[in-house]
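Chemist: sharing a sequence plus its predicted fold:
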Amino acid sequence: MFGYLSLVLHAHLPFVRHPEHDRFLEESWLFEAIIEAYLPLLQLLEGWKRDCVNAPLTLTLSPTLCAMLKDPLLQERVARRMDDLVALAEKEIQRTHWQRQFHELAVFYHERLSAAREAYAGYGRDLVGAFRRCQERGQLEIITTAATHALLPLLASHPTSMRAQIMVARDHYRSCFGRDPRGIWLPECAWVQEIEPALREAGLRWFILDSHGILHARPQPRHSIFAPLITPGGLAAFGRDLDSARQVWSRQEGYPGDPRYRDFYRDIGFDLDLDYTRSGLPADNVRGFTGLKYFRITGSGPSKETYNREAAIRAADEHAGHFLSARMSQIQGLAGALDRPPFVLCAYDAELFGHWWYEGPEFLDFFVRKAFFDQKAFTMITPEQYLERHPINQMATPATSSWGDQGYWGVWLNEQNEWIYQHLRVAQVRMTELVRKFRAWEGSATDCRERREESPSGDVEPKGTPDVVHFNQSEMLKPRALRQAGRELLLAQASDWPFMLRTGTNPDYARKRVKDHLLRFTSLYEQFVNDRVEERRLSEIEELDPIFPELDYNYWA
């Protein structure tokens, strides 16, 4: 054995939940990911357990994703979506009866969707619980990320907001998995030194950076990205491997671009009559993806050839073998140059495997099985397991960095989205202001009660209570309103919204989400300072965004 390899999958989606609509287009992001990525991953893990394949993975499950996976309303909508797609596949079997290649694919989709529906029901619709069981039996190391996947360096000027993103995520992880997280995927792999105190407070041991965050560390790393660095605060920083990333992500060299694989964009939701596909579309009267696709990538031109499932699976097998050979050569070559076994961290978005790259789960299955049975160059472990085996590492300060374009955060701060941060700065300061004033009021009210209990007449009034937090509402309403203000601020800080504005994907929805959360926050703030919290309106807002039910607003103090 020459070294180690760690496969890290980052599963994250923004919190999208719209009970005010019966069907909502953007909720389909979750439905597609469950059907095409998360359920296939769980099925892979079940197969590896059955066949005694000991190859632990590392998996981020973001707090927003876990909240959606556990939400009863969304669980019911996922089940309904699966029913709709199975019914559409049945229609396609009939429609394509005289088109042999399409008919075979329609039958394949019907069987696959029916199996997904059965698996979802078999897990009791609780995929978080299913992943938790995989962790408890040693197949997974589940890590966390910031509460709403905020780009943390852009919160560095307001440390309490950065702290809240980390601490709320830690608390939510506890509620989902019954233990504290040991590692964290920093959103967009974005790092500045100011993040470290919050990570230490949350009890985290390690985090993941993009490669140049390690390569440009000070002092220069002796082992490049092939061993972690220990920060001055005692945390371990792991760098993402460049070569393994390029083989999967690169548009020119990446495996998913092979012409034998299924074309993502050619879908019957766009190709067939609207009335015919309506029941399988993600929203009423809006064309969208159904997941039923009959063409392969073929080439760069508009003409596409029919998807051949067997040829695509052969391609996945070939690519898994090539990827394994490349990692073996890489690790064997490094072993002679380093004074310790090299550690290669292969990190990807989890949704790539199955959603964007339909054959991705088969690629993973082939690779993991080949790595376990067919080679002795490396052992698959998690970053946590590496630290247990090699606790002594070089101390250095990682460089400011992210995995965005040009290595920093220009994707999330530019001319299309800079307006967001002007409003966030105001809201962040106001959130801390409210929490501090409420704590002062709470302390004064407690002192008043104690003096009233000691007074024979019981008529002592609170002294020094700040006017702006002298509420008429019940005591129970005050922390509820503060928790909701915290939720709205966290949701407005999500990195997903500026990303969508920059790339032009769903920009209207992203813009509306930011404005809605900021307006709700501002409304709650004004109700506080005017000594009036409207319980009916508060209940309505809580129903719209029921995330982080036990949120601790004191993190903003």
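Modeler: In hand now; what should we look at? All values reported here derive from a predicted model rather than from experimental measurement.

Chemist: for Val222, what are phi and psi?
Modeler: Wrong residue type there; residue 222 is Arg, not Val. Note on Arg222: backbone dihedrals following degrees, to the nearest 10 are phi -70, psi -30.

Chemist: now the stretch of helix or strand Arg314 belongs to: average pLDDT?
Modeler: Here Arg314, judged by DSSP states H and E, is contained in helix 309-335. Averaging pLDDT along helix 309-335 gives 97.

Chemist: check which helices and strands that helix sits against.
Modeler: For helix 309-335, the elements it packs on are strand 3-11, helix 100-122, helix 242-249, strand 343-349, helix 360-373, strand 378-380, judged by 3 or more Cβ pairs under 8 Å, 6 or more residues apart in numbering; DSSP states H and E. C-beta coordinates here come from the backbone N, C-alpha and C atoms, glycine included.

Chemist: any chance of the ones you listed in a markdown table, plus mean pLDDT, distance to Glu433 and mean neighbour count?
Modeler: Converted to a markdown table, these look like this (pLDDT from 0 to 100; distance: least, Cβ to Cβ, whole Å; neighbours: other Cβ atoms under 10 Å):
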| stretch | mean pLDDT | distance to Glu433 | mean neighbour count |
| --- | --- | --- | --- |
| strand 3-11 | 98 | 34 | 23 |
| helix 100-122 | 97 | 45 | 17 |
| helix 242-249 | 89 | 43 | 16 |
| strand 343-349 | 97 | 37 | 22 |
| helix 360-373 | 98 | 47 | 20 |
| strand 378-380 | 97 | 49 | 21 |
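
Chemist: and the ones you listed: which comes nearest Arg439?
Modeler: Closest to Arg439 of those is strand 3-11 (Cβ to Cβ; 35.9 Å).

Chemist: what lines up beside that closest one in the sheet?
Modeler: strand 57-61 (parallel), strand 343-349 (parallel), strand 378-380 (parallel) (DSSP bridges).

Chemist: following the shortest one, which helix or strand comes up?
Modeler: Put plainly, it is strand 378-380. Assignment by DSSP H and E places the next element after strand 378-380 at helix 383-389.

Chemist: ok, back up a step: may I see the helices and strands packed on helix 309-335 organised as CSV, with distance to Glu442 added?
Modeler: As requested, the helices and strands packed on helix 309-335 are exported to CSV (distance: least, Cβ to Cβ, whole Å):
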stretch, distance to Glu442
strand 3-11, 38
helix 100-122, 44
helix 242-249, 49
strand 343-349, 43
helix 360-373, 51
strand 378-380, 51
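
Chemist: nearest to Arg511, out of the ones you listed?
Modeler: strand 343-349 (23.7 Å).

Chemist: lowest-confidence helix or strand of the protein?
Modeler: helix 418-454 (a mean of 82; mean pLDDT, DSSP states H and E).

Chemist: which element follows that one toward the C-terminus?
Modeler: helix 477-492.

Chemist: quick check: buried residues in that following helix?
Modeler: 478, 480-492 (16 or more other Cβ atoms under 10 Å).

Chemist: now do that helix, average pLDDT.
Modeler: So the average pLDDT for helix 477-492 ends up being 94.

Chemist: with just CA atoms, put it into PDB.
Modeler: Extracted C-alpha coordinates of helix 477-492, given in PDB (Å, rounded to 0.1, in the frame of the first residue of the first chain):
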ATOM      1  CA  LEU A 477     -43.800  35.500  21.400                       C
ATOM      2  CA  LYS A 478     -40.600  37.400  21.800                       C
ATOM      3  CA  PRO A 479     -38.100  34.500  21.200                       C
ATOM      4  CA  ARG A 480     -40.300  33.200  18.400                       C
ATOM      5  CA  ALA A 481     -40.000  36.500  16.600                       C
ATOM      6  CA  LEU A 482     -36.300  36.600  17.100                       C
ATOM      7  CA  ARG A 483     -35.800  33.100  15.900                       C
ATOM      8  CA  GLN A 484     -37.800  33.900  12.700                       C
ATOM      9  CA  ALA A 485     -35.700  37.000  12.100                       C
ATOM     10  CA  GLY A 486     -32.600  34.800  12.400                       C
ATOM     11  CA  ARG A 487     -34.100  32.400   9.900                       C
ATOM     12  CA  GLU A 488     -34.900  35.100   7.400                       C
ATOM     13  CA  LEU A 489     -31.400  36.500   7.700                       C
ATOM     14  CA  LEU A 490     -29.700  33.100   7.300                       C
ATOM     15  CA  LEU A 491     -31.800  32.300   4.200                       C
ATOM     16  CA  ALA A 492     -31.000  35.700   2.600                       C
END
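
Chemist: and it, what does it pack onto?
Modeler: helix 159-177, helix 418-454, helix 507-529, helix 535-544.

Chemist: coming back round to it: so which of the strands paired with strand 3-11 comes closest to Tyr109?
Modeler: strand 343-349 (23.8 Å).

Chemist: distance between the closest one and the chain's centre?
Modeler: 16 Å (Cα atoms, centre = their mean, to the nearest Å).

Chemist: same deal with stretch 209-223?
Modeler: 25 Å.

Chemist: buried sites along that stretch?
Modeler: Here stretch 209-223 shows Leu209, Asp210, Ser211, His212, Gly213, Ile214, Leu215, Ala217, Pro221, His223 as buried, counting by 16+ other Cβ under 10 Å.

Chemist: okay, how far is it across it, tip to tip?
Modeler: Using Cα to Cα, to the nearest Å, one end of stretch 209-223 lies 15 Å from the other.

Chemist: do the same with stretch 204-224
Modeler: Terminal-residue distance, stretch 204-224 (Cα to Cα): 23 Å.

Chemist: picking that back up, strands - which of the buried residues of stretch 209-223 land there?
Modeler: Leu209 (DSSP state E).

Chemist: just curious, which of the buried residues of stretch 209-223 is nearest to Met328?
Modeler: His223 (19.0 Å).

Chemist: sorry, back to before: got the angle between the helix holding Arg314 and helix 360-373?
Modeler: Helix 309-335 and helix 360-373 are oriented at 50 degrees to each other (axes from the mean of the first three to the mean of the last three Cα atoms, to 10 degrees).

Chemist: how far does helix 309-335 sit from the chain's center?
Modeler: For helix 309-335, the distance to the chain centre is 27 Å (Cα atoms, centre = their mean).

Chemist: any low-confidence regions in the chain?
Modeler: Low-confidence segments of the chain, defined by pLDDT under 70: 1, 251, 443-476.

Chemist: not counting sequence-adjacent ones, nearest residue to Leu204?
Modeler: Ile184 (5.2 Å; Cβ to Cβ, 6 or more residues apart in numbering).

Chemist: with Leu73 instead?
Modeler: Per Cβ to Cβ, 6+ apart, closest to Leu73 is Pro19, 5.8 Å.
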